[in-house]
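Asks: structure for the following, please:
(one chain, ligands or ions: 1)
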Amino acid sequence: MREGLRATLAVSAGFWCALGEMLRSCAARLRMLGALRKDEHWPARNLGPALRWFSSEKDFCLPNPSWSEDLRHLFHQFMKKCEDGSWTYISEKEMLDLQKKASELSFQNVKPMKKKQFPSTLTRNFQEGLGFEYAMFYNKDERRIVCLFQGGPLLQGFPGLLHGGAIVTMVDYSISILSTKTIGFTMTAYINITYKRPIPIGSVVVINGQVDKIEERKVFLSSSVHSADEKTLYSEATSLFVQLNLEKSET
Ligand SMILES: CCCCCCCC(=O)SCCNC(=O)CCNC(=O)[C@H](O)C(C)(C)COP(=O)(O)OP(=O)(O)OC[C@H]1O[C@@H](n2cnc3c(N)ncnc32)[C@H](O)[C@@H]1OP(=O)(O)O
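Replies: Numbers count the residues shown, from 1 in each chain. Here you go, the predicted structure:
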């Protein structure tokens, strides 16, 4: 009897959580669409809570209601490419595990912030659709990474356009995962980015990163940012990542 009651309570708690999550997603989608409406100036006070409470249980790289048709389409295309094993989907958990392991191994003197103060990594701190929406795919044999990225209204620089800092953040994050998967834990030593065309907020871009050369602890990479139809080249970057010297790193 008691077991039955417990099961009922668990099911109803699950139902309310799922409903809450669904309503939050819809609200985020509506806010994003509102912000993208022509001629509308979107004051920050209308944003509502922009931070998202992070749950390590949820895979934020999977499609959510804020994703546009283009992003969904590309995501499913890449998931298909994963079927023969040439490409692999990188889940949120894998990204978090990489970060956690890197900080455990290298920065013993740095205290991670408490979850309550700081929900997650920069790219995951925004409500659905308002910041960084992305999914990544890795090709081990070709030493390549692809990141499908849709930047939301909180990443605005000039009106209606993505901020260059947000673009390089996403490029840096993608290739940092590539270099770490290629030779172990690395950090960005430099990244030189050239912005060729502005990226409209809410549009979907494809970040392609590849390893050009490895010299001992140094990984040289190049990357590009294209439109989903590959017709527009938005940015190009070259960068150096250095494998962490675990004996030396203390801070
Ligand atoms: C898993 C995903 C997590 C998401 C994170 C996203 C990525 C990031 O944002 S990382 C944050 C930004 N980056 C940083 O904060 C890094 C700060 N810098 C550092 O900690 C160090 O300088 C670091 C680790 C890059 C290199 O330091 P260290 O391990 O002591 O290497 P060091 O011995 O000085 O240099 C190694 C080699 O790299 C070269 N090198 C290092 N930095 C540079 C540079 N900026 N330009 C050119 N060459 C460089 C050196 O000349 C040397 O070359 P060689 O072996 O031929 O003599």
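
Asks: rest of the way, CA atoms for contacts and neighbours
Replies: Will do.

Asks: any idea how far residue 209 lies from residue 136?
Replies: Separation of residue 209 from residue 136 (C-alpha to C-alpha, to the nearest Å): 11 Å.

Asks: residues shared between the contacts of these two?
Replies: Taking C-alpha atoms under 8 Å, 6 or more residues apart in numbering as the contact rule, the neighbours common to residue 209 and residue 136 are 145-146, 174.

Asks: could you dump these to CSV with distance to residue 132, pLDDT and neighbour count?
Replies: Formatted as CSV, these follow (distance: C-alpha to C-alpha, whole Å; pLDDT from 0 to 100; neighbours: other C-alpha atoms under 10 Å):
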residue, distance to residue 132, pLDDT, neighbour count
145, 17, 98, 26
146, 15, 98, 25
174, 12, 97, 25
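
Asks: which ones among the residues you listed lie within strands?
Replies: Residues of the shared contacts of residue 209 and residue 136 located in strands (DSSP state E): 145-146.

Asks: could you dump the shared contacts of residue 209 and residue 136 to CSV with distance to residue 96?
Replies: Supplementary listing: the shared contacts of residue 209 and residue 136 in CSV, determined by distance: C-alpha to C-alpha, whole Å:
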residue, distance to residue 96
145, 17
146, 18
174, 13
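
Asks: so residue 183 is in contact with residue 244, correct?
Replies: No: between residue 183 and residue 244 there is no contact under C-alpha atoms under 8 Å: 10.1 Å.

Asks: more neighbours: residue 209 and residue 136, which one.
Replies: Taking other C-alpha atoms under 10 Å, residue 209 and residue 136 do not tie; residue 209 has more neighbours (28 against 24).
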